[in-house]
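In: Next comes the sequence, and after it the predicted model I'd like to discuss.
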Protein chains: 2
Amino acid sequence: MENIRIIEIKQSVFADNDRDADRLRDTLREEGVFLLNLMSSPGSGKTTFLTALIPLLAKKYRIGVMEADIDGDVDAKTVAERTGAKTVQLHTGGMCHLDADMTRQGLRELGTEGLDLVILENVGNLVCPAEFDTGAVKCAMLLSVPEGDDKPLKYPLIFRVSDAVVISKTDTMPAFDFDLEKCRENIKMRNPDAKIFPVAAKKNGDGVGAFADWLSAEIDAWKNSKK
Amino acid sequence: MENIRIIEIKQSVFADNDRDADRLRDTLREEGVFLLNLMSSPGSGKTTFLTALIPLLAKKYRIGVMEADIDGDVDAKTVAERTGAKTVQLHTGGMCHLDADMTRQGLRELGTEGLDLVILENVGNLVCPAEFDTGAVKCAMLLSVPEGDDKPLKYPLIFRVSDAVVISKTDTMPAFDFDLEKCRENIKMRNPDAKIFPVAAKKNGDGVGAFADWLSAEIDAWKNSKK
């Protein structure tokens, strides 16, 4: 396979990230590119989830992926090899999150022409990414079973800003004290509107299809709402 | 049990955190209090590890614990109930890490008089806590098996600043693709001096004793080096 392109992202020059995120969203709407911001803790299974999700969506959409990390390019390689999606690796220069301008830099390097959907795999972190609007149309997050059902109690904001919460690694539930119903309650306490998808992406792909259906409906609704 | 005290930490007023951390370290040396900064991702098992560790150290040292979180008090309750250690819950006001002054505020509220060892359970985050010296004598981190053996590749700094790396939840290895030797290599690449402790704190306590021995030796060496 060809080598993964690694892009060193520069810190933003814009003071008002919220306004800049709206500007980026406007641009993406003009281009017809739906941006999904995918967040989670380190090691909760974002990349494995994407390798299961992308083949389900690739029949309908042309997809690009931006993998954001402090260092390394393992995730970008995995996604490119397993899905064939157009993929770049973003290095954040030590930064703990991406904001709208950093996302824009990544999109420019990825090249959005002809794409319907771009998925940003944000830096693994339950705190900072939630504070910065990337310009995405929708935000989703993963909470993996090994992390525990109490995470919404400790990290309120990321659950509040996520339109969808994927509960990942559900096949490992027998090895952990994880109460799925309690977890649902904790998520709903932070965000009553959040869609919740229990998923076992590596084991058997259970639940990935339901998320793909949700995302597909969101993309189609967004495209149809285009004025 | 008595209710856990929850302390709302204010943002620091000191511009130069490194100097402030040195000042705090000097104060703690005068008081004879050894501060350990314990870091990790969300849900990697810091609290469970502490509930197994503290009883092993409590015969020799008087121990205090500061639990830092964005919100909630579940960890402080667990530690206090299971270990009887003097415990406070720190709320960071949304902040993703603690710096030296925030740590000082916590220590003041905890009350260090008569304590030999204070353990700070930092906010669950592999990025930001690594960037801020808390004034601790030593830093340790947990990397849990479910997070994967590749984390040192993606989050270099936290492995670089940690004197000890606990590989937690080793009993769940059969459920995950986790290569312990590869993980050791990845850690050593970032920090050749890091002590590495595979641990199964919840299952059977394997490895917790080895970490307790290391920490105990570090505390004694520090006390003896006192001028």
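Out: Nice, I can see it.
In: Contact residues of chain A facing chain B?
Out: Contacts of chain A with chain B, taken as CB under 8 Å from any CB of the partner chain, map to A:41-44, A:69-72, A:74-75, A:94, A:96, A:123-128, A:131, A:144, A:146-148, A:150-151, A:153-157, A:169, A:171-172, A:175-176. In short, each C-beta sits where N, CA and C put it, glycine included.
In: residues in contact with the closest residue to A:I54 other than its chain neighbours?
Out: Computed as CB to CB, 6 or more residues apart in numbering or on different chains, the closest residue to A:I54 that is not its neighbour in sequence is A:T83, at 4.1 Å. Remark: with contacts taken as CB atoms under 8 Å, 6 or more residues apart in numbering or on different chains, A:T83 is in contact with A:50-51, A:54-55, A:58, A:63, A:65.
In: Mind doing that once more with 10 Å?
Out: Each residue near A:T83 by CB atoms under 10 Å, 6 or more residues apart in numbering or on different chains is listed here: A:50-55, A:57-58, A:63, A:65.
In: Kindly supply the ChimeraX command isolating those of the residues of chain A next to chain B that are buried.
Out: When burial is assessed using 16 or more other CB atoms under 10 Å in any protein chain shown, the buried subset of the residues of chain A next to chain B is captured in ChimeraX by this command:
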select /A:41,42,43,44,69,70,71,72,74,75,96,123,124,125,126,127,128,144,146,147,148,150,151,153,154,155,156,157,169,171,172,175,176
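In: buried set for stretch A:86-101?
Out: Of the residues in stretch A:86-101, those buried under the neighbour-count criterion (16+ other CB under 10 Å) are A:86-92, A:95-101.
In: Which residues are in contact with A:L157?
Out: Under the criterion of CB under 10 Å, 6+ apart, the contact list for A:L157 reads A:126-131, A:190, B:70-71, B:94.
In: ok, now with 6 Å
Out: Contact analysis of A:L157 by CB atoms under 6 Å, 6 or more residues apart in numbering or on different chains lists A:A130.
In: again with the one 5 residues further on
Out: Counting by CB under 6 Å, 6+ apart, A:S162 touches A:139-141.
In: how about the residue nearest to A:I54, phi and psi?
Out: Listed backbone geometry of A:T83 is phi -120, psi -20, with angles given as degrees, to the nearest 10.
In: and it, how far is that from B:T83?
Out: Taking CB to CB, to the nearest Å as the measure, A:T83 falls 47 Å from B:T83.
In: Phi first, then psi, for the residue nearest the centre of chain A.
Out: Among the residues of chain A, A:L38 comes closest to the average C-alpha position under CA atoms, centre = their mean, at 1.2 Å. Dihedral angles of A:L38 (phi, psi; degrees, to the nearest 10) stand at phi -110, psi 120.
In: Test my guess that it contacts A:A140.
Out: Yes. Counting by CB atoms under 6 Å, A:L38 touches A:A140, with 5.4 Å between them.
In: thinking again about what came up before, if any of the contacts of A:T83 are buried, put those into a ChimeraX selection.
Out: The following ChimeraX command selects only the buried members of those, with burial defined by 16+ other CB under 10 Å:
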select /A:50,51,52,53,54,55,57,63,65
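In: May I see the contacts of A:T83 organised as a markdown table, with secondary structure added?
Out: Shown next, in a markdown table, are the contacts of A:T83 (DSSP: H, G, I helix; E, B strand; the rest coil):
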| residue | secondary structure |
| --- | --- |
| A:L50 | helix |
| A:T51 | helix |
| A:A52 | helix |
| A:L53 | helix |
| A:I54 | helix |
| A:P55 | helix |
| A:L57 | helix |
| A:A58 | coil |
| A:I63 | strand |
| A:V65 | strand |
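In: Confirm that A:D171 lies within a helix, as I assumed.
Out: Yes. With three-state DSSP as the criterion, A:D171 is assigned to a helix.
In: Where does pLDDT dip in chain A?
Out: Applying pLDDT under 70 to chain A picks out residues A:1-2, A:226-227.
In: just the helices in it please.
Out: Along chain A, the stretches classed as helices by DSSP state H are A:17-31, A:46-57, A:74-83, A:100-110, A:151-154, A:156-161, A:180-190, A:208-224.
In: Quick one: residues contacting A:F197.
Out: With contacts defined as CB under 6 Å, 6+ apart, the neighbours of A:F197 are A:166, A:207, A:210-211.
In: neighbour-wise, which of the residues you listed leads?
Out: Most neighbours among the contacts of A:F197, by other CB atoms under 10 Å in any protein chain shown: A:V166, with 29 neighbours.
In: and it, bridged to which residues?
Out: A:L142, A:F197 (DSSP bridges).
In: got the contact list for it?
Out: Applying CB under 6 Å, 6+ apart, one finds that A:V166 lies in contact with A:142, A:197, A:199.
In: and if you look at A:P156?
Out: A:P156 is in contact with A:190, B:71, counting by CB under 6 Å, 6+ apart.
In: Relative to A:S44, how far out is it?
Out: Summarising the geometry, the distance separating A:P156 from A:S44, computed by CB to CB, is 17 Å.
In: which among the contacts of A:F197 gets closest to B:V79?
Out: A:V166 (29.9 Å; CB to CB).
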